[in-house]
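1. Quick one, structure for this:
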Amino acid sequence: MDAPTEAGSQPEGEGTGRLSLLLAMAMFVLVVDTSLMNVSISAVVDDLNTTVTSVQSAIALEALVSAAFILIASKVGDLIGRKRAYVIGLCAYAVGAVAMTLAQDLTAVIVFWALIGGLGASLLLPAMQSLIHGNFEGAAQKRTYALVGAAAAIAAAVGPLLGGFVTTYLSWRVGFLLEVVVIAIVLSQIKLVKDVEYTGDRRVDVVGALLSVLGMGGVVLGILVWQEGGEYVGLLIALGAVALWTLARWLVRRHREGKVTLLDPDLFRSHHFRLGISQVTLQNVTLGGAMIALPIFLQISLEYDALQAGLSLAPLSLTMFAVAMLAGKRAGNRRPAKIVRTGFALSALGMALLIPIVPHASSGWYLTIPLIIAGAGLGLLVSQLNNYTLAPIEEERVSEAAGVNSAAGSFGLSFGLAVAGGILLAVLSLSFTDMTKSSAVIPSAQQQQIADALEDDAQVVSNTQIQELAADERPDVQAEVVDINTDANHVALQVALLVPLLASLLGVFNAFRMMRLPEIEPAADLEGAALG
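-> Sure thing, here's the model as predicted:
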């Protein structure tokens, strides 16, 4: 007689393999979605008659929404059922993808892709982890975690290439339509998923939930408002910072009184966990800053199409994937802190080499070696940081800790996207104005007019577009305006690349602090514990 399986878990068989594959397909869509947007910026701008700045704000907003609501969404999944949260998350993501397929203006992108899609991601990630844990056991569970993790890594590696190919030869809309098809396939087999009952405390820390949204949302939203030239920037950022401080005090007090909390503040008693969370955040600030500045450089300054941009970014993503896989298998007895230190150092070196190259690069080939170096560094970080962060956490608290880890990563990504994008636009605007007013070619009577036009209308544009804007000017003035646009874009992109560089340098500093801590043995099985 066969031994019984645990409630909710799947026995070995064809259904188990199919379910593993379907979960991996869902993760692939989640990760490839942002890559598709990054390499398609120019095509989206042209199609929707909007600006690069607005599109990069939408990208940052999607990551922000996911980060701000992931802790709340994890609790929602506990209360309504993990399977139901998984289905709702997939449907919300499908709504965003459908909207991108049909969108005629930026409003649809912001409402359906950034907001609804971001909320879908925040529901989907924690629910997926709980379902894997509850639907599989033993070797099947480990294989599923490995398969879903591999799907995320492969999506990150091939996403720019896949998105570039589809956008160049078909349409960026087709890429999102394919996402809808994949989600439909996953949902058609949802009967294979068995719900996982939640047996913990069903009370909700409403105040903690609100403070988490205000905190993480306020900081990044303030940066996005600054990027768009809006008002009350300082107030929004200050509100976010105060909300985060208040959240920390609130959690400690509630926990001391034995009341329910959004998350257990005792998690942060571990020095390893605190440092790991900060390093995960810095890793994603580095990645977010690079992945908004570099596609803009390739598509605007070099006027590359999506496929060329994807091919130019391939050294970063493919090296990151390969090194992460290799380091994960061959790290051996090397201290994770040393590997993390090397990873941030390589990332910093790669970003530092990119900065002087930008003004002189006439093709994406100039970026290859720095991107390989930075990709190797990020790959080392990916191979170590999740396990390092979650190693001291007991089995029953791994899910909660992984939620905090995912929130830190999403927040870092959105922060990197928003800060690098905001700095790029601010420096571009100042450079336009300063260079135009100091020009010896442009008549003084026209300098302010052209500077205002460049600042208000052009934003981040290619030389071809700037020639169209200056079509009514004299030939020598047109040539000067093009030169100003080129120089201003280069300066702005160089300054924007300081964001991932500084994040990497902070990571190196933190790694020395990690070196001073004793090594610890994992307190739980951590395979796949930090999905997404």
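2. How about the backbone phi and psi for residue 171?
-> phi -170, psi 150 (degrees, to the nearest 10).
3. For it, which non-adjacent residue is closest in space?
-> Spatial nearest neighbour of residue 171, chain neighbours left out: residue 43 (7.6 Å); criterion: CB to CB, 6 or more residues apart in numbering. Backbone N, C-alpha and C define where each C-beta goes, glycine included.
4. ok, now how distant is that neighbour from residue 267?
-> Distance, residue 43 to residue 267, using CB to CB, to the nearest Å: 43 Å.
5. Repeat that for residue 101.
-> From residue 101 across to residue 267, the span is 40 Å (CB to CB).
6. can you give me the offset of the longest helix seen in the chain from its chain's centre?
-> Secondary structure of the chain per DSSP state H: the longest helix is helix 398-437. From the chain centre to the centre of helix 398-437 is a distance of 10 Å (CA atoms, centre = their mean, to the nearest Å).
7. circling back to that earlier point, helix or strand for the residue nearest to residue 171, just tell me which one.
-> Assigned by DSSP states H and E, residue 43 falls within helix 41-48.
8. just checking, what packs against that helix?
-> helix 52-80, helix 172-188 (3 or more CB pairs under 8 Å, 6 or more residues apart in numbering; DSSP states H and E).
9. Just want the angle from the last one to helix 41-48.
-> Here helix 172-188 runs at an angle of 100 degrees relative to helix 41-48 (axes from the mean of the first three to the mean of the last three CA atoms, to 10 degrees).
10. What residues of the next helix-or-strand element following helix 172-188 count as buried?
-> Following helix 172-188 in sequence order, the next helix or strand is helix 206-227 (DSSP H and E). Under the neighbour-count criterion of 16 or more other CB atoms under 10 Å, helix 206-227 has 208-209, 211-227 buried.
11. mind saving the C-alpha coords of helix 206-227 as CSV?
-> Only the C-alpha atoms of helix 206-227 are listed here, as CSV (Å, rounded to 0.1, in the frame of the first residue of the first chain):
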residue,chain,number,x,y,z
VAL,A,206,-4.5,47.6,9.4
VAL,A,207,-2.4,50.4,10.7
GLY,A,208,0.9,48.6,9.9
ALA,A,209,-0.4,47.9,6.4
LEU,A,210,-1.3,51.5,5.8
LEU,A,211,2.1,52.7,7.1
SER,A,212,4.0,50.3,4.9
VAL,A,213,2.2,51.6,1.8
LEU,A,214,2.7,55.2,2.8
GLY,A,215,6.3,54.7,3.7
MET,A,216,7.6,52.8,0.6
GLY,A,217,5.1,54.6,-1.7
GLY,A,218,5.8,58.1,-0.5
VAL,A,219,9.5,58.0,-1.0
VAL,A,220,9.5,56.7,-4.6
LEU,A,221,6.3,58.6,-5.5
GLY,A,222,8.0,61.8,-4.4
ILE,A,223,10.9,61.0,-6.8
LEU,A,224,8.5,60.3,-9.6
VAL,A,225,6.7,63.6,-9.0
TRP,A,226,10.0,65.4,-9.1
GLN,A,227,10.9,63.6,-12.3
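12. if I look at residue 434, how far off is residue 52?
-> Residue 434 is 21 Å from residue 52, by CB to CB.
13. And the residue nearest to residue 247 when sequence neighbours are not counted, how far from residue 224?
-> Spatial nearest neighbour of residue 247, excluding adjacent residues (CB to CB, 6+ apart): residue 211 at 4.0 Å. Distance from residue 211 to residue 224, counting by CB to CB: 20 Å.
14. Please dump the helices and strands packed on helix 41-48 into JSON lines; it should also carry mean neighbour count for every row.
-> Formatted as JSON lines, the helices and strands packed on helix 41-48 follow (neighbours: other CB atoms under 10 Å):
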{"stretch": "helix 52-80", "mean neighbour count": "24"}
{"stretch": "helix 172-188", "mean neighbour count": "18"}
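15. ok, now how distant is residue 25 from residue 182?
-> 6 Å.
16. ugh, wrong one, residue 316
-> Counting by CB to CB, the gap from residue 316 to residue 182 is 25 Å.
17. Check residue 131 too.
-> According to CB to CB, residue 131 stands 18 Å off from residue 182.
18. How about residue 381?
-> Distance from residue 381 to residue 182, by CB to CB: 28 Å.
19. How about residue 147?
-> As judged by CB to CB, residue 147 and residue 182 stand 15 Å apart.
20. element containing the nearest residue to residue 189 once chain neighbours are set aside?
-> Closest residue in space to residue 189, ignoring its immediate chain neighbours: residue 22 at 5.4 Å, by CB to CB, 6+ apart. For residue 22, the host element (DSSP H and E) is helix 14-39.
21. Measure how buried residue 428 is and give me the count.
-> 26 (other CB atoms under 10 Å).
22. Does it touch residue 490 like I think?
-> No. Using CB atoms under 8 Å, residue 428 is not in contact with residue 490; the gap is 10.0 Å.
23. pLDDT of stretch 410-429, averaged?
-> Stretch 410-429 carries an average pLDDT of 80.
24. buried set for that stretch?
-> Those would be 410-429, for stretch 410-429 by 16+ other CB under 10 Å.
25. which residues of the stretch 401-532 of the chain score low on pLDDT?
-> 442-473, 520-532 (pLDDT under 70).
26. Residue 83 is in contact with residue 194, correct?
-> Yes. With contact defined as CB under 8 Å, residue 194 counts as touching residue 83 (7.4 Å).
27. Of the two, which one has the most company?
-> Higher neighbour count among residue 194 and residue 83: residue 83, with 19 against 16, using other CB under 10 Å.
28. May I see the buried residues of the strand or helix carrying residue 514?
-> When elements are assigned from DSSP H and E, residue 514 belongs to helix 498-515. By 16+ other CB under 10 Å, the buried positions in helix 498-515 come out as 498-508, 510-511, 514.
29. Tell me the one of the residues you listed nearest residue 308?
-> residue 500 (21.9 Å; CB to CB).
30. The closest one is in contact with residue 284, isn't it?
-> No. The pair residue 500 / residue 284 is not scored as a contact, 10.2 Å apart, by CB under 8 Å.
31. where do the contact lists of the two overlap?
-> residue 416 (CB atoms under 8 Å, 6 or more residues apart in numbering).
32. From residue 109, how far out is the spatially most central residue of the chain?
-> Geometric centre of the chain, nearest residue: residue 413, 3.9 Å, by CA atoms, centre = their mean. Between residue 413 and residue 109 the computed distance is 18 Å (CB to CB).
33. how long is stretch 355-368 end to end?
-> With CA to CA, to the nearest Å as the measure, stretch 355-368 spans 13 Å from end to end.
34. coming back round to it: so the residue nearest to the centre of the chain touches residue 63, yeah?
-> Yes. The pair residue 413 / residue 63 is scored as a contact, 4.7 Å apart, by CB under 8 Å.
35. Mind listing the shared neighbours of the two?
-> Common neighbours of residue 413 and residue 63 (CB under 8 Å, 6+ apart) are residue 288.
36. for residue 104, what are its contacts?
-> Taking CB under 8 Å, 6+ apart, we find residue 104 in contact with residue 48.
37. helix, strand or coil for it?
-> coil (DSSP: H, G, I helix; E, B strand; the rest coil).
38. hmm, back to that, relative to residue 414, how far out is the residue nearest to residue 189?
-> Plainly put, residue 22 is 28 Å away from residue 414 if you go by CB to CB.
39. so what's residue 169 closest to, chain neighbours aside?
-> In space, residue 169 is closest to residue 307, 7.3 Å off (CB to CB, 6+ apart).
40. try residue 278
-> Counting by CB to CB, 6+ apart, residue 510 is the residue found nearest to residue 278 once chain neighbours are left out, at 5.9 Å.
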